[in-house]
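1. My questions concern the predicted model and sequence given below.
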Amino acid sequence: MTRKLLIIIAIIITVTGICFAATLSYILFVPNVKENVTDILVINKNTDFKQLTDFIQSKGILKNNRTFIWVAKIMKYDKQVRCGKYQINSGESNREIIRRLRRGQHKPVKFTFNNVRTKEQFAEKLDGIFFFDSNDFYKLLNDSVFLSKYGFNTDNCLAMFIPNTYEIYYDITAEEFFEKMVKLYGNFWQGKRSEEAEEIGLTKIEVSILASIVEEENYRNAEKAIIAGLYMNRLHKGINLCADPTVKYAVGDFTLKRVLNSHLETDSPYNTYKYAGLPPGPIRIPEISSIDSVLHYTHHNYLYMCAKEDFSGYHNFAVTAAQHSANAAKYHRALNRLQRSQKK
């Protein structure tokens, strides 16, 4: 082989290398997302690389789908597709997109919830927080077969959730989220609280149901244990709870200022004027402080309560029906005066 031929071969190799490097640099770093595009790419579990690339192509967000596939294979992403919800932005290169997809989203998310009355509200709290669809979780809360595996039903399942701040992985499924909540529920009731529930003669679910009523009566901690004691007195004496919040729940309107006789006729197991004992499920997800107020309820002789006439949110408590009637009369006079002044 002559010197001239060796030089020619070297030049060819060099030029080829430069061309390859330039091509590789181009497909790696040149923007491949179309201009003015911001899109969310949702990759479900068990999605393979072919399904993913077909989906991306159908969305029409890339300038060149072929270069994306090349880079994905070079970076070995085709062997490790990860589920998640990813934002794709205008001007991003194949390398930027694939690095984000490769990292996945198996990371903890801080999730805080409180002030929840219904399954619908709880599902709304979850919307967009985790990878799973909040509607899938809502369906679980209405799946009696699924719930029965954990000792709950469609009426009382909200008793399982303990309001707090939790760290939970983003890419969790709806079923995994539920099982996580079941585990946290077990941890919450493990030991002392479970023993205290037995001591007062209530199951854990019954404690949560009563706590939800107490909290609706007054969210202020100063009165919770007193209210809990009042309802425990009624339960022990076999007297209907006659709790206005349960009627509001049965009617479907928590904004009611006055519970009328027509409301009391509502035929619902949640109407504690009509049906004895605790309702079949909580009327909200009670706070920890409300649960503890039931477990440590105040021992007294009160059987009746009525909102104070100063509209402070606190109550007048009574032992006899006569005392209660006097307190109720004061409240209704004050309410009538307020309504008249608002009409002026």
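-> Ah, there it is. Residues are numbered from 1 along each chain as shown.

2. in the stretch 151-300 of the chain, which spans are helices?
-> 174-189, 192-199, 204-217, 221-237, 244-251, 261-264, 288-295 (DSSP state H, counting those that start in this stretch).

3. Tabulate the ones you listed in a markdown table, adding columns for distance to Pro163, mean pLDDT and mean neighbour count.
-> The C-beta positions use only the backbone N, C-alpha and C, and glycine is treated the same way. Supplementary listing: the helices of the stretch 151-300 of the chain in a markdown table, determined by distance: least, C-beta to C-beta, whole Å; pLDDT from 0 to 100; neighbours: other C-beta atoms under 10 Å:
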| stretch | distance to Pro163 | mean pLDDT | mean neighbour count |
| --- | --- | --- | --- |
| helix 174-189 | 11 | 96 | 16 |
| helix 192-199 | 15 | 97 | 14 |
| helix 204-217 | 10 | 98 | 25 |
| helix 221-237 | 14 | 97 | 19 |
| helix 244-251 | 18 | 96 | 23 |
| helix 261-264 | 28 | 94 | 12 |
| helix 288-295 | 7 | 98 | 23 |
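
4. And those helices: which comes nearest Gln57?
-> For Gln57, the closest of the helices of the stretch 151-300 of the chain is helix 174-189, at 28.7 Å, according to C-beta to C-beta.

5. what's the angle between that closest one and helix 204-217?
-> Orientation note: helix 174-189 sits at an angle of 90 degrees relative to helix 204-217 (axes from the mean of the first three to the mean of the last three C-alpha atoms, to 10 degrees).

6. Which residues does helix 174-189 contact?
-> Here helix 174-189 makes contact (C-beta atoms under 8 Å, 6 or more residues apart in numbering) with 126, 130, 132-133, 136-137, 139-140, 150, 160-162, 164, 166, 168, 172, 197, 204, 288.

7. which residue packs closest to Asp143, ignoring adjacent ones?
-> Thr154 (7.8 Å; C-beta to C-beta, 6 or more residues apart in numbering).

8. Hmm, Asn142 and the one you found touching each other?
-> Yes. Judged on C-beta atoms under 8 Å, Thr154 makes contact with Asn142 at a distance of 5.5 Å.

9. In terms of packing, which of the two has more residues around it?
-> More crowded of Thr154 and Asn142, by other C-beta atoms under 10 Å: Thr154, with 16 against 11.

10. And the pLDDT for that one?
-> Here the pLDDT value assigned to Thr154 is 98.

11. which residues sit in contact with it?
-> Taking C-beta under 8 Å, 6+ apart, one finds Leu141, Asn142, Asp143, Ser144, Leu147 in contact with Thr154.

12. try Ser293
-> Contacts of Ser293 (C-beta under 8 Å, 6+ apart): Ala211, Val214, Asn221, Lys224, Ala225, Ile227, Ala228.

13. If anything else comes up later, I'll come back, but that's it for now.
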